[in-house]
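Visitor: Need the 3D shape of this:
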Amino acid sequence: MKIVQMHNSTSSQMMGYLLVTESGKLVAIDGGTRGDAAEFQRLVREYGKGCNEELELWFLTHPHKDHVGVFCEMVEAGRKKAKNKTLDTENAGAEKKYDAGEESREPENAAEKGSQKPENTIGKELEPVKAKVVLYSPAPKDFIHWDGPEGQKDMDAFAKGLSQTIYPMHILELGEHFEVDNVSFDILHVAEPEIPADIINNLSVVIRVKEKLPSGECFTMMFLGDLGERAGRVLLASYDKEELKADAVQMAHHGQNGVDFPVYETIAPKWAFWSTPDWLWINTPPGWKEGTGPWKTLEVREWMEKLQTIPVTSMRAHAVFDTEEAVCVLRTVKKESN
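Guide: Numbering: from 1, shown residues only. Predicted structure coming up:
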């Protein structure tokens with residue numbers, strides 16, 4: 001299996017992963033901001049050539065815009081494409097009726113030419129990716145008011161995406177199990193109504209991904225989304241330590257202000273996947289003195305160094321990790337040619 005950790009297309013933090021099985025089937029986890037949509041689409045096309053460029057599963061961990069922005073953008077693109085197709089059909093019908101009843105002619109002057117209906121370009125900028133199913137865990141409606149105006153805005157945007165979705169949707173339940181080829185996906189945490197702090201982040205779906213390698217051994221990775229401290233403690237209390245151990249972990253909340261040290265200590269990973277932009281990695285917002293930002297990234301980096309993990313970062317390019325070879329390469333971000 002290849003694990004593609006996306007590089008951020010904008011300056012924003014984001015999270016997007018593509019998992020590519022041995023037979024070439026694709027599974028996505030989140031995708032990033034709306035600004036990451038074009039690159040997400042390109043990666044699906046590049047890695048999905050053997051599976052009709054279609055996602056088998058598309059997991060959404062929680063409804064913050066740096067995780068589900070791509071989903072919302074794809075929904076809008078799909079609806080625009082459908083609208084465009086309808087307009088084209090209507091225009092074709094009108095042209096047919098005109099040709100049948102009147103003599104065809106060219107516009108006689110510039111003013112008439114200017115009044116001609118321009119070519120419809122709605123939806124041509126972004127072709128929505130195909131997905132067999134999108135899986136998510138919904139938040140109770142009264143939760144959204146506890147996360148402030150920005151949280152409300154994100155939840156409203158996600159709610160709109162859900163209401164207008166072009167994809168089959170599936171609400172995840174705790175303990176669900178999915179398989180794609182030799183890779184399994186177990187749901188270890190869903191939206192938790194008993195956690196009143198850091199509301200939306202603590203809604204994060206936790207996914208244990210396990211691949212049976214040709215050698216007979218297994219490679220396991222834990223995806224934590226933006227899981228916070230409170231939900232991290234719930235996770236530890238809900239499972240035996242052996243059930244949480246994994247070869248790799250996706251760092252919660254981009255590697256800062258997520259779960260606390262005991263969660264990582266229990267997982268005991270060899271590799272730590274940091275979906276973290278460069279400014280967050282060094283805790284330095286633009287214009288600030290290095291290392292003086294408000295985030296906990298430097299502290300969490302010390303935790304992972306203590307655990308002797310190998311960092312997998314995508315600050316400069318997409319990181320592509322081969323689970324069988326246990327190696328990671330950086331892939332330069334490509335641009336679509338016109």
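Visitor: where do the helices sit along the stretch 101-250 of the chain?
Guide: 110-114, 148-163, 229-238, 241-244 (DSSP state H, counting those that start in this stretch).
Visitor: Between those helices, which one is closest to residue 293.
Guide: Of all these, helix 148-163 sits nearest to residue 293, with 18.3 Å by Cβ to Cβ. Placement of C-beta: from N, CA and C, glycine included.
Visitor: Which neighbouring elements make contact with that closest one?
Guide: In terms of contacts (3 or more Cβ pairs under 8 Å, 6 or more residues apart in numbering; DSSP states H and E), helix 148-163 is packed against helix 65-101.
Visitor: winner for burial among the helices of the stretch 101-250 of the chain?
Guide: Comparing these by mean neighbour count (mean count of other Cβ atoms under 10 Å), helix 229-238 ranks first with a mean of 18.
Visitor: which residues sit in contact with the nearest residue to residue 313 once chain neighbours are set aside?
Guide: Once flanking residues are discounted, residue 313 sits nearest to residue 274: 4.8 Å by Cβ to Cβ, 6 or more residues apart in numbering. Contacts here follow Cβ atoms under 8 Å, 6 or more residues apart in numbering; on that basis residue 274 touches 251, 254, 255, 281, 311, 312, 313, 314.
Visitor: In contact with the fourth one, which residues are there?
Guide: So the one you mean is residue 281. Residue 281 touches 255, 274, 297, 301, 313, 315, counting by Cβ under 8 Å, 6+ apart.
Visitor: Sketch out the low-pLDDT regions of this structure for me.
Guide: 85-124, 140-151, 193-198, 332-338 (pLDDT under 70).
Visitor: right, and the helices of the stretch 101-250 of the chain - which one's nearest residue 40?
Guide: helix 148-163 (14.6 Å).
Visitor: Show residues contacting that closest one.
Guide: So helix 148-163 is contacted by 63-65, 68-69, 71-72, 75-76, 136, 138-139, 144-145, 147, 169, 199-200 (Cβ under 8 Å, 6+ apart).
Visitor: If we use 10 Å, what do you get?
Guide: 34, 60, 62-69, 71-76, 134, 136, 138-139, 141, 143-147, 167, 169, 199-201, 203 (Cβ atoms under 10 Å, 6 or more residues apart in numbering).
Visitor: Please write out the alpha-carbon positions of stretch 290-307 in PDB.
Guide: Extracted in PDB, the C-alpha atoms of stretch 290-307 (Å, rounded to 0.1, in the frame of the first residue of the first chain):
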ATOM      1  CA  GLU A 290      10.900  32.100  15.500                       C
ATOM      2  CA  GLY A 291       9.400  29.700  17.900                       C
ATOM      3  CA  THR A 292       7.200  32.200  19.700                       C
ATOM      4  CA  GLY A 293       3.800  31.300  18.300                       C
ATOM      5  CA  PRO A 294       0.900  30.100  20.400                       C
ATOM      6  CA  TRP A 295       0.900  26.500  19.300                       C
ATOM      7  CA  LYS A 296       2.300  23.400  21.000                       C
ATOM      8  CA  THR A 297       4.100  21.900  18.000                       C
ATOM      9  CA  LEU A 298       7.600  22.200  19.500                       C
ATOM     10  CA  GLU A 299       6.600  20.400  22.700                       C
ATOM     11  CA  VAL A 300       4.800  17.600  20.700                       C
ATOM     12  CA  ARG A 301       7.900  17.200  18.500                       C
ATOM     13  CA  GLU A 302       9.900  16.600  21.700                       C
ATOM     14  CA  TRP A 303       7.400  14.000  22.700                       C
ATOM     15  CA  MET A 304       7.800  12.100  19.500                       C
ATOM     16  CA  GLU A 305      11.600  12.400  19.600                       C
ATOM     17  CA  LYS A 306      11.400  10.900  23.100                       C
ATOM     18  CA  LEU A 307       9.500   8.000  21.500                       C
END
